[in-house]
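# Structure for this input, please:
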Amino acid sequence: MDLVRWNLWKWDDRGQASCQPLPRSIEDLQQDGPLPSSHPVIPHLVFARTELLENLSMVSEDLMETLLAMPSEPSAYLKLDNESIMQYLRKASLRNQVLPVLCGSAMKNIGTDLVMDYIGELLPSPLDVTHEVQGQNSPVRLLAWKVNWDDKKGWMTFVRVYSGITTLRPPSCFLADFLVAGKLTRQINLLNTNRNQKEKLSKILLLYASEAEEVDELPFGSVGVILGLKYTRTGDTLISAGASESARSLLRDITPPPALISASVIPQSHSDLQPVQDALTSLSRTDPSLQVDVQDGQILVHGLGALHLEIVEGRLRDEWKVNFEFGRRRVSYREGLGFKEPSVDWNLWASDVGGKHISTKIPIQIRLMEPSEEGDPVWDGNIVVDEKGTPVPIPRSMPGSLLAYVAEGISNALSNSPHSSLPMTQAHVQVGRLKELTTRVPSIITGATATVLRRRIREAGMGPILEPFVSLKISINESSLGRVVKDLTEHSGEVVELSEGISVGPSGQEDIGGFSDEGVYIPPEWLSPSGSHTSHAISYGTRMKRSLQGIAPLSQFLDYSNRLRAISEGHGNFEMSNAGFRQVSQERKMEILREIGRA
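I've put the predicted structure just below:
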């Protein structure tokens, strides 16, 4: 029963749906409705509709006035216009004042079409957002929100058009290679503003589930798929190559959390090396949180957790069919800046390039972050600002500028400490006046910046080592509490909070009390037995559970699922979340250096 649109939906054994409108008066509902007059659900329909409208009116003054102005006859609420109800319901939903609930079964495809219809009508729409006025010459701007590989179609770039119209003229049109009125024709170039790379599209598709339809254009605000892009990654911005500088700003950038776990990827033979490297490069296009680099001749992948690396391993085998072995998973540590004072002119770089002596002073300063300062996720927990104190974006987002070349050198230096080869963190780097540079050659500026910054880090001496920590929320039986606390403390963890006991029924579900029934229509138990809470009121077989919150180093809890299962006799469960990096003791620092081969 759709209480908003006042319809009766039925599904047959084959999943085919039929919809019938319900009568708008109580008399017709009981006598001439689609249900027999003796059907037990009929007396509950009017009451449920009334409860729905009265509850909605509590968050909508306009609806309240409408209801108060209606006649007092029993069928009055049934005659209220459906579109008016949808208008009030949408406003309340967008303000998070109500939560519409629909019933159905996805397994049997019952009610799924209703859910999709209400999503389109109640949830935010792109038309709700204020956009730039689209003129005849509006440049094309696209956001690549997903990149995926298909064995038949190749690289599929899912985009949304934020400006202009993306148009692909048919091959029969010979005058096709120019940009007119914000439309992208067949052979025109797109510019990836994140990579500063030009791209050419071959096809434009609209996807309907697994069905693809080739189209000639994507209008403003639409979502589609572009085939043929070679360099674009998830989160990149694409614009028409002839667009002005003002149109080259990024729509949005994906800044993944810092990598916490790494593993080496070992090709099974020399002939497998190139396929493995190509597969990792392709995989990093689809997953911006995956980082790949080479250290001491080893290919390393860095992920957000053990499960993330398992997914990466499975995709490499199943999707890319490459032959390799994963090394032992290791936690990704960080190194802080040392405390020694710098030498005089540490930021002066000099070298012979092409038989000519070149020297320049790189205007940068580096120091430890203050306790009150918060690291920038774009710079892996460091802070990089310009001479005015404005945060510096990633280098690829400002191609061709002096600041981009200096930022690239800073990124290279901070990614690999000269002491431990670990990434640097909690460093504050400020870039000064770049007009003082005596050279404008990009490679020289980038290399000189990386060289002087590594020199400064080396002169400062090895700083503290930081280890990733996780927050744990563990739920166990009262009888297992002592063993779990002992295991947590023995593995360098600490208990933050120990909650009082909660009652657990024979089904294992925690009795948390639920939500208040006030103002909520609850159908009879015979009408919705699965929604009844009376069955949980049986008191026999209950037991007490305790909830424990703690903080611990991630390296000690990579296999915690198996360990907790063993010490809690299979009744424990836990949630784990990132708690950032913490400085370790001198003893633990030496253990980490020995683990990574730097002691």
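# need the strands for the stretch 301-450 of the chain, in chain order.
Per DSSP state E, counting those that start in this stretch, the stretch 301-450 of the chain carries strands over the ranges 324-326, 330-331, 334-337, 348-353, 356-361, 364-368, 383-385, 427-431.
# for the host helix or strand of residue 485, packing partners?
Here residue 485, judged by DSSP states H and E, is contained in helix 481-490. For helix 481-490, the elements it packs on are strand 462-477, strand 494-498, strand 543-553, helix 560-567, judged by 3 or more Cβ pairs under 8 Å, 6 or more residues apart in numbering; DSSP states H and E. For every residue, glycine as well, the C-beta is placed using N, CA and C.
# For the stretch 101-250 of the chain, which segments count as helices?
112-122 (DSSP state H, counting those that start in this stretch).
# Sketch out the low-pLDDT regions of it for me.
126, 131-137, 165-188, 245-250 (pLDDT under 70).
# Repeat the analysis, applying 80 as the threshold.
Along the stretch 101-250 of the chain, segments meeting pLDDT under 80 span 107, 126-139, 163-189, 209, 220-221, 242-250.
# Tell me which stretches of it form strands.
Counting by DSSP E, counting those that start in this stretch, the strands of the stretch 101-250 of the chain are 141-150, 154-163, 166-167, 189-192, 197-200, 203-208, 211-215, 217-218, 223-227, 237-240.
# Looking at those strands, spot the one closest to residue 114.
Closest to residue 114 of these, according to Cβ to Cβ: strand 203-208, at 18.8 Å.
# The closest one pairs with which strands?
strand 211-215 (antiparallel), strand 223-227 (antiparallel) (DSSP bridges).
# any idea which of these is most buried?
strand 223-227 (a mean of 20; mean count of other Cβ atoms under 10 Å).
# quick one: contacts of that one?
With Cβ atoms under 8 Å, 6 or more residues apart in numbering as the test, strand 223-227 has contacts from 142, 153-161, 166, 201-207, 212, 215, 218.
# 7 Å instead, please
Strand 223-227 has contacts (Cβ atoms under 7 Å, 6 or more residues apart in numbering) with 153-154, 156-160, 201-207, 218.
# can I get the CA coordinates of it in PDB?
Taking Å, rounded to 0.1, in the frame of the first residue of the first chain, the C-alpha atoms of strand 223-227 are listed here in PDB:
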ATOM      1  CA  VAL A 223      25.900  11.500 -16.700                       C
ATOM      2  CA  GLY A 224      27.400   9.200 -19.300                       C
ATOM      3  CA  VAL A 225      30.500   7.200 -20.400                       C
ATOM      4  CA  ILE A 226      33.300   8.200 -22.600                       C
ATOM      5  CA  LEU A 227      35.500   5.700 -24.400                       C
END
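# For this protein, which element, helix or strand, carries the lowest mean pLDDT?
strand 502-504 (a mean of 52; mean pLDDT, DSSP states H and E).
# Run the chain-centre distance for the helix holding residue 485.
Averaging C-alpha positions (Cα atoms, centre = their mean, to the nearest Å) puts helix 481-490 34 Å from its chain's average.
# what's the average pLDDT for that helix?
What helix 481-490 shows for mean pLDDT is 94.
# Also stretch 73-89?
In the prediction, stretch 73-89 has an average pLDDT of 91.
# Would you mind measuring the gap between the ends of it?
This stretch, stretch 73-89, spans 24 Å end to end (Cα to Cα, to the nearest Å).
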